[in-house]
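Visitor: predicted model, plus sequence, below.
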Amino acid sequence: MESIKELITESYNRNASLRSDIIPEWKAKEVDRFLSYCNKNHNKLLDLGAGAGTFAKYYTDKGLDVLCIDISKSMIELCRSKNLNAEVMDFYNLDIEDNQFDYVWSMNTLLHVPKKDIRIVLKEVKRILNDGGIFYLGMYGGKCEEGIYEQDIYEPKRFFASYTKDELLDIVGYYFKVEEYNEVLRKGDRDFLSCILRK
């Protein structure tokens, strides 16, 4: 586990300049789907693996109270440059008390977690969510595989875990109620799987 974490940390620290603040149209649709589950009376959101803070900035501008966490110091510095509340944190062991957030947003983050460890992270997400809280989980997938992504433009190349629909729903369904499942079929690229989950 530690070697994968170290690899991911180094990769994002070294390649922070490659991150974009543009939200593609297909991701914007995912954002809108998530926001449709947000209630104006509950606004505390954890951006799990916030990267450069692109989504967090958007959600902050929409009135949500966002905490960004990421394992990469360089990514957290990018978040703070946008005046976002951001902390370096390992999501295998969140330094957050129980039942603190109404929402958790995670896009293309948990795909860096080895499959043997994914349940550790899901338990942590469930622990810090309020009862009835919403967890958006999205990641590239469609195939049952994991390992170093050889086509990666980052150096060092990153580790990715990819799930089939059934595999993903089986795992998340153990911890959460699946409110909605969606797939984005992308030509010439990896497909994207997402779930709206409720504690």
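Guide: Arrived safely, thanks for sending. Numbers count the residues shown, from 1 in each chain.

Visitor: how far away is the residue of the chain most remote from its centre from residue 102?
Guide: Taking C-alpha atoms, centre = their mean as the measure, the residue most remote from the mean C-alpha position of the chain is residue 41, 23.3 Å away. To residue 102, residue 41 is 9 Å away according to C-beta to C-beta, to the nearest Å. Glycine gets a C-beta too; all of them are placed from N, C-alpha and C.

Visitor: go ahead and confirm residue 144 touches residue 167.
Guide: Yes. Residue 144 is within contact range of residue 167, at 5.8 Å (criterion: C-beta atoms under 8 Å).

Visitor: so what are the sheet partners of the longest strand along the chain and their directions?
Guide: If you go by DSSP state E, the chain has its longest strand at strand 129-141. Here strand 129-141 has these sheet partners by DSSP bridges: strand 101-107 (parallel), strand 191-198 (antiparallel).

Visitor: and the closest residue to residue 22 other than its chain neighbours, what does it touch?
Guide: In this structure, residue 22 finds its nearest non-sequential neighbour in residue 54, 7.7 Å apart by C-beta to C-beta, 6 or more residues apart in numbering. Residue 54 is in contact with 19-23, counting by C-beta atoms under 8 Å, 6 or more residues apart in numbering.

Visitor: same question for the biggest helix by length in the chain: list its buried residues.
Guide: The residue-count maximum for a helix in the chain (DSSP state H) belongs to helix 2-14. The neighbour-count check on helix 2-14 (16 or more other C-beta atoms under 10 Å) flags 4-5, 7-12 as buried.

Visitor: quick one: residues in contact with it.
Guide: Against helix 2-14 from outside (C-beta under 8 Å, 6+ apart): 51, 70-75, 90, 92, 112-114, 154-159.

Visitor: ok, stretch 162-178 next?
Guide: Residues from elsewhere that reach stretch 162-178 (C-beta under 8 Å, 6+ apart): 111, 115, 118-119, 122-123, 125-126, 135, 137, 139-146, 181, 183, 190, 193, 195-199.

Visitor: among those residues, name the buried ones.
Guide: Of the contacts of stretch 162-178, these count as buried by 16+ other C-beta under 10 Å: 111, 118, 122, 125-126, 135, 137, 139-142, 146, 190, 193, 195-197, 199.

Visitor: quick one on the thing from earlier: off-centre distance for the longest strand of the chain?
Guide: Relative to its parent chain, strand 129-141 has a centroid offset of 9 Å by C-alpha atoms, centre = their mean, to the nearest Å.

Visitor: can you redo the strands paired with strand 129-141 as JSON lines with distance to residue 30 and mean pLDDT?
Guide: Converted to JSON lines, the strands paired with strand 129-141 look like this (distance: least, C-beta to C-beta, whole Å; pLDDT from 0 to 100):
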{"stretch": "strand 101-107", "distance to residue 30": "7", "mean pLDDT": "98"}
{"stretch": "strand 191-198", "distance to residue 30": "6", "mean pLDDT": "97"}
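
Visitor: switch those strands over to JSON lines; also include distance to residue 33.
Guide: JSON lines is the format used below for the strands paired with strand 129-141 (distance: least, C-beta to C-beta, whole Å):
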{"stretch": "strand 101-107", "distance to residue 33": "12"}
{"stretch": "strand 191-198", "distance to residue 33": "7"}
